[in-house]
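K.L.:
my questions are about this predicted structure, shown below with the sequence.
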Amino acid sequence: LVDWGVTRYMQTSGDGWFLDAESRDRWPADTAADTVLDAVSDAFYIVDRRGRFVEWNDRFREVTGYTDAEIDELHQFDIIPDEVESEARRLLVAVANGGEVTLEAPLVTANGERIDYEFSASPLTDDEGRVWGMAGQATPVRTQRDQEGLLRDIHAVSRALLGAESEQAVAEAAVEIVHEHFACASAGVRLLDGDRLAMVAVETDDDCLDERLPPYEVGDGFVGVAYERGEPVVYDDLRALDPDIDYGPIRSTMLLPIPGHGMINLAATEPSAFDETDLELGRVFAADVEAAFERVDRERRLRDRKRELEQYETLVETMGDGVYTTDIDGMITMVNDALAEMLGYDPGDLVGETPHVVTDPDAVARASDLVTQMLAGEKPVATHETELTTADGRSVPVENRLSLLRGDEFEGTVGVVRDVTERRRREEQLKRSHEELTRLNRINELIQETIHALASAATREEIEATVCDRLADSEVYRLAMTGDLHRTDGVIEPSSGAG
C-alpha cells in the first residue's frame, strides 16, 4: 500500500483516493454478480482506485436519481455534501489499508435533495491481497432505527390510542405516532364523512406540507379507490401514476385504509420510500387504530345507554356488546340478548344469580375491588379482562368494562362485556409478524455477509462458489445452486452448488 502513495495522494489529489487508474475493469461484468447485487435491498456500488463507479445495483440508481450513463461519469464524492468530504477521505485511508468503515451522512441526489444514509465501505483485493477498490453500501437511516422502533413499541402505541376519547383524538394520536416511527415527510389521517374522506389531522416536518388536503370521494382518485378496495397499498412514484397532476414535492405514498372509519396516509419526497416491511408494519398499526376507532364508537354508545339507564329507560337490546347490570349486593338484575347468546343461556336463567355462575371467584374479587375504587372516586370507569364460562363449558376471553349505576345514591353496576378473541388473534398475528421480520433481517444480514465475502473473489467461479457456500452454511437455506440458462431450450445448467 505504501507503493500506491496513499498518504501523498490524499494530501495532493482531488480526483479520487488512489493513484492507480488501471483497475476499472477488475470487477467482473458477470450475470451471477449482477443478480446478487440486485437482490440487495439497499443501494450497493463498486468504486475503483480513481473513485469512479464501476458497478452498481438498481437500488443505487433509484435512490440517487441518476441514469446509468450519468453514474458512469460520477466521482464517489459527488453523492455526498462538500462538508463531509474531508471525513470521507480520512475514512478511505482505513479502507486502503484493508479496513471496513461506516459514515452517517446525507446522500445528495441528482436533483440536489439530501437524504440521511449510513454508508459502509469494504476493501476489494486482488489475488495477491492488494486493495484495488472498494465495495460500498448505503442504507437509509430510518430503516435501521424507526422500523425497529415501531415493532418494539407497537403495544405501547396501542395503549396510547386507548387513551383517546374521540375519533379526532385517535386521528391526532395516530399521525403523531406514525410520523415519528416511519420518519416520513408527512403523515395524515382522513376520516369518513358520508361518502367523503376528509383530512382531519396532519403531522409533518415540512412547512409546505402542513396543510389539510382537499377531500376525496370514496372510489374517486387513487386515494378513494384504495379506500374502496380496503387493502393497504404503496405507490412508488406519483408522477408515474398520473403525470398530468401536480403532487408538489410528494413522490411516493403508502395508504392504509381503515374500513368504516377512514384512512392513514404516509407521504415521502423521494420515490420508492416504502417497502414490503413498511407495508406489513403499517398493516399491523392500522389494525390497532381500527380497534381504537371501534372502542371510541363502543364507549360513545355506552354513554348513551348509561344515560338511558339513569332515566329508568329500557336498555336497547340491539347493542352489539354484551350488557348486564347488578344490584348493590352483586346480584345480576339484567342481561341483554347479546351476552346471553355469547354464553349460551336464556337471559332469565342468569337474572337473580351472582357472577360466580359464569366466572371464577378471583375474577369476581377483582371486579369488586374495581367497584370499590370507583365508589372512592379514583376512576369513573374500570376495565378488567377475564374468562367467562358458557353453558356448555367453553371458555370465552372477554373485556369487562364497569360503570356505576347512580340515582341519589349507589344502586349497582352496569357492565359491558366484549369478546376479545379477535384481539388476541391480532396479537398472535403481531407475534408472527415480528418473527417474520426477524427472519427477513437474518436474510438481509446473510446477504451482506455474502457480499463482504465476495470482496476477495476474483473469478466468476469463486463468486458463485462463495455465494453458494455462504447460503448453504446458514440456518436459512439448506441448498444453494447457480447455473446458466440456455435460452434456446430453457434448461438451466448447474455451475456451482452447496448444501
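P.N.:
Good, I have the coordinates.

K.L.:
point me to the helix or strand that includes Met334.
P.N.:
strand 332-335 (DSSP states H and E).

K.L.:
do a quick rundown of the helices in the stretch 1-150 of the chain.
P.N.:
6-12, 31-39, 58-64, 68-73, 85-96, 141-152 (DSSP state H, counting those that start in this stretch).

K.L.:
helices or strands up against the third one?
P.N.:
Meaning helix 58-64. strand 43-48, helix 68-73 (3 or more C-beta pairs under 8 Å, 6 or more residues apart in numbering; DSSP states H and E). Quick note: C-beta positions are derived from backbone N, CA and C, even for glycine.

K.L.:
rerun that using 6 Å as the cut-off
P.N.:
strand 43-48 (3 or more C-beta pairs under 6 Å, 6 or more residues apart in numbering; DSSP states H and E).

K.L.:
could you check the angle helix 85-96 makes with the strand it packs on?
P.N.:
70 degrees (axes from the mean of the first three to the mean of the last three C-alpha atoms, to 10 degrees).

K.L.:
chain center to strand 43-48: distance?
P.N.:
Taking the mean of its C-alpha atoms, strand 43-48 sits 28 Å from the chain's own mean (C-alpha atoms, centre = their mean, to the nearest Å).

K.L.:
paired strands for the strand holding Met334, with orientation please.
P.N.:
strand 322-326 (antiparallel) (DSSP bridges).

K.L.:
do you know how far Ile174 is from Val358?
P.N.:
Residue 174: Ala, not Ile. 36 Å (C-beta to C-beta, to the nearest Å).

K.L.:
higher neighbour count, these two?
P.N.:
More neighbours surround Ala174 than the other of Ala174 and Val358, with 29 against 26 (other C-beta atoms under 10 Å).

K.L.:
report pLDDT for the residue nearest to that one when sequence neighbours are not counted.
P.N.:
Leaving out its chain neighbours, the residue that sits closest to Ala174 by C-beta to C-beta, 6 or more residues apart in numbering is Val289, at 5.0 Å. At Val289, the model reports a pLDDT of 89.

K.L.:
and Val289, that one's in a strand?
P.N.:
No: secondary structure of Val289 (DSSP: H, G, I helix; E, B strand; the rest coil): helix, not part of a strand.

K.L.:
can you count the residues close to it?
P.N.:
Val289: 25 surrounding residues under other C-beta under 10 Å.

K.L.:
picking up where we left off before, hey, least reliable of the helices of the stretch 1-150 of the chain by pLDDT?
P.N.:
Going by mean pLDDT, the lowest-scoring of the helices of the stretch 1-150 of the chain is helix 6-12, which has a mean of 31.

K.L.:
give me the contacts around the helix or strand in which Ala267 is found.
P.N.:
Using DSSP H and E, Ala267 sits in strand 262-268. The contact list for strand 262-268 (C-beta atoms under 6 Å, 6 or more residues apart in numbering) reads 182, 184-192, 197, 227, 250, 252-257, 286.

K.L.:
could I get the CA-only coordinates of it as CSV?
P.N.:
Output in CSV follows, covering the C-alpha atoms of strand 262-268 (Å, rounded to 0.1, in the frame of the first residue of the first chain):
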residue,chain,number,x,y,z
GLY,A,262,-61.1,6.4,7.2
MET,A,263,-57.5,6.1,6.1
ILE,A,264,-53.9,6.7,7.2
ASN,A,265,-51.8,8.5,4.5
LEU,A,266,-48.0,8.4,4.6
ALA,A,267,-46.0,10.5,2.1
ALA,A,268,-42.4,10.9,1.2
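
K.L.:
so that it lines up with my notes, have the first residue be 156 from now on.
P.N.:
Understood, numbering begins at 156; the last thing we discussed is strand 417-423.

K.L.:
and it, average pLDDT?
P.N.:
93.

K.L.:
same question for stretch 516-525.
P.N.:
90.

K.L.:
quick one: buried residues of it?
P.N.:
For stretch 516-525, the neighbour count (16 or more other C-beta atoms under 10 Å) marks Ala518, Val519, Arg521, Ala522, Leu525 as buried.

K.L.:
could I get it in CSV with only the CA atoms?
P.N.:
Extracted in CSV, the C-alpha atoms of stretch 516-525 (Å, rounded to 0.1, in the frame of the first residue of the first chain):
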residue,chain,number,x,y,z
PRO,A,516,-64.0,-16.3,42.3
ASP,A,517,-60.8,-14.5,41.6
ALA,A,518,-62.4,-12.5,38.7
VAL,A,519,-65.4,-11.6,41.0
ALA,A,520,-62.9,-10.4,43.6
ARG,A,521,-61.1,-8.2,41.0
ALA,A,522,-64.4,-6.7,39.9
SER,A,523,-65.4,-6.0,43.5
ASP,A,524,-62.1,-4.2,44.1
LEU,A,525,-62.7,-2.0,40.9
